[in-house]
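J.: Test case, fold it:
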Amino acid sequence: MAGNSPNPRKQANFPVQGWAVVFIIASVIFGILATVKLPNTHPFQHPQELNYLNFEQRLKNLEDQIDQDTAIYRVISFGSSLLASAYDRDSALNARFEHNGRPIRVYRAFYPGAIYRFLENPRLIDFLEKARPDLLCIEDQAFLYDDTKEDLVWPRPWWSHLHHTYVHNLNTIKHLLLPGYFPEPGFDGQIDSTLTFDQDQAELDSIISARDSINYAFTERTVRPKGATKKFNRMLRSLSENGTQIVIVNIPRPAPIETRYLSDQAIRQREKLIQRYQRSVKLDYWSFPRPLPFSYYWDLRHMNGKGRKRFSNWLFEHIQEQYDQSPIISQ
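T.: Below is the predicted model:
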């Protein structure tokens, strides 16, 4: 037979060393795109990123304020936007205590959408450890219950952050190459260095619509595990051993929701969780005495001005009673 027949054994194969080089190059490219932000006039990749940096700025300013305050009895409250809408402004509450001759200062710190996972935030823990309040009030919704709002969890886990940065940078490259087809990714904004927690909610004068108070939906809540906040638990024990009283404050939902969003089983689990904490921490639970009608809210969760006045009066009396019973007044 004329000519040479092809030998399948002699087909060229891509060397293993070549695949290793490809893998290394691809890993380096991914590593760069996942960790280094490309130049972009919209600096924030995620809407929660701006919220979180605003929170950190507010916390820094609050830390500076507390360091300069000489009040005898200091109260720090932490929670979500529920706390922000239910509590009077710090300046308003403190003026009332001063009028009553009580050397009490209340400081709010809140993060919109905060759930129990946010309690593990190292910046929040560091702030509370340094402040060492006489009374620490924690919103019940943020402390006791599980939630499915994963999009509100920030900072995100590192693997999620890497993926989000990588996708953001790819979109940035596409925008640079073809700006007419791909809009610039990210969110514009800036951090105001004067931000504080001492502010009002914009919707305080609003009232929930009649339609929403008839046709509404809600999700039953479940009680979160105690071991899910190990760092926060250690911080609570440290504060408690140094004399801080810890209180979980119930911020009620509208009456038809407040009486239904927890099952009987969840209520029992909540009591067990509180009892578990009480074995190692000086912890109390302040339950609001009665549910409030929809007219005290501007949506299914947040209080309006009428609700804030009612809740803040109740809270004011409880904090004052706590101060009157504290060892500080006998010193």
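J.: Could the C-alpha coordinates of the longest helix seen in the chain be exported in CSV?
T.: What stands out as the longest helix in the chain, according to DSSP state H, is helix 47-68. The C-alpha atoms that make up helix 47-68 are tabulated as CSV, following Å, rounded to 0.1, in the frame of the first residue of the first chain:
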residue,chain,number,x,y,z
PRO,A,47,-27.3,48.7,47.6
GLN,A,48,-26.6,47.2,51.1
GLU,A,49,-22.9,48.2,50.8
LEU,A,50,-23.9,51.9,51.0
ASN,A,51,-26.2,51.2,53.9
TYR,A,52,-23.5,49.4,55.8
LEU,A,53,-20.9,52.0,55.3
ASN,A,54,-23.4,54.6,56.5
PHE,A,55,-24.0,52.4,59.5
GLU,A,56,-20.3,52.3,60.2
GLN,A,57,-20.0,56.1,60.0
ARG,A,58,-22.9,56.6,62.3
LEU,A,59,-21.4,54.1,64.8
LYS,A,60,-18.1,55.9,64.7
ASN,A,61,-19.8,59.2,65.5
LEU,A,62,-21.8,57.6,68.3
GLU,A,63,-18.6,56.1,69.7
ASP,A,64,-17.0,59.5,69.8
GLN,A,65,-20.1,61.0,71.4
ILE,A,66,-20.2,58.4,74.2
ASP,A,67,-16.5,58.8,74.9
GLN,A,68,-17.2,62.5,75.6
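J.: Which other helices and strands does that helix contact?
T.: With contacts taken as 3 or more CB pairs under 8 Å, 6 or more residues apart in numbering; DSSP states H and E, helix 47-68 sits against strand 104-110, helix 122-131. C-betas here are computed from N, CA, C, even on glycine.
J.: hmm, 6 Å instead?
T.: Applying 3 or more CB pairs under 6 Å, 6 or more residues apart in numbering; DSSP states H and E, we find helix 47-68 packed against helix 122-131.
J.: mind listing what's buried in the helix it packs on?
T.: By 16 or more other CB atoms under 10 Å, the buried positions in helix 122-131 come out as 124-125, 127-128, 131.
J.: Tell me the first helix or strand C-terminal of it.
T.: Proceeding N to C from helix 122-131, the next assigned helix or strand is strand 135-139, under DSSP states H and E.
J.: Provide the strand pairings for that following strand, with the direction of each partner.
T.: strand 73-79 (parallel), strand 245-249 (parallel) (DSSP bridges).
J.: where's the last one relative to the chain centroid, distance-wise?
T.: Just to be clear, that refers to strand 245-249. Chain-centre distance of strand 245-249: 17 Å, with CA atoms, centre = their mean, to the nearest Å.
J.: same thing with stretch 163-180?
T.: When distances are taken as CA atoms, centre = their mean, stretch 163-180 is centred 29 Å away from the chain's centroid.
J.: Repeat that for stretch 223-233.
T.: With CA atoms, centre = their mean, you get 15 Å for stretch 223-233.
J.: just stretch 49-62 next, same as before
T.: 11 Å.
J.: same question, stretch 267-285
T.: Using CA atoms, centre = their mean, the offset of stretch 267-285 from its chain centre is 21 Å.
J.: List of residues touching that stretch?
T.: 144, 223, 226, 236-237, 240, 245-248 (CB atoms under 6 Å, 6 or more residues apart in numbering).
J.: for stretch 315-326, same thing?
T.: 73, 75, 96, 102, 104, 135, 286.
J.: Export the strands paired with strand 135-139 as CSV, with columns for mean pLDDT and distance to Lys231.
T.: Listed next are the strands paired with strand 135-139 as CSV, based on pLDDT from 0 to 100; distance: least, CB to CB, whole Å:
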stretch, mean pLDDT, distance to Lys231
strand 73-79, 96, 15
strand 245-249, 97, 15
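J.: Which among those is found nearest to Val36?
T.: Ranking these by proximity to Val36 (CB to CB) places strand 73-79 first, at 33.6 Å.
J.: where does this structure dip in pLDDT?
T.: Scanning the chain for pLDDT under 70 picks out 1-12, 14, 148-161, 200-204, 209-213, 328-331.
J.: So for it, which residue is the most central one in space?
T.: Ala114 (2.5 Å; CA atoms, centre = their mean).
J.: Between the buried residues of helix 122-131, which sits nearest Ser206?
T.: So of the buried residues of helix 122-131, ranked by how close each gets to Ser206 (CB to CB), first place is Leu124, at 29.6 Å.
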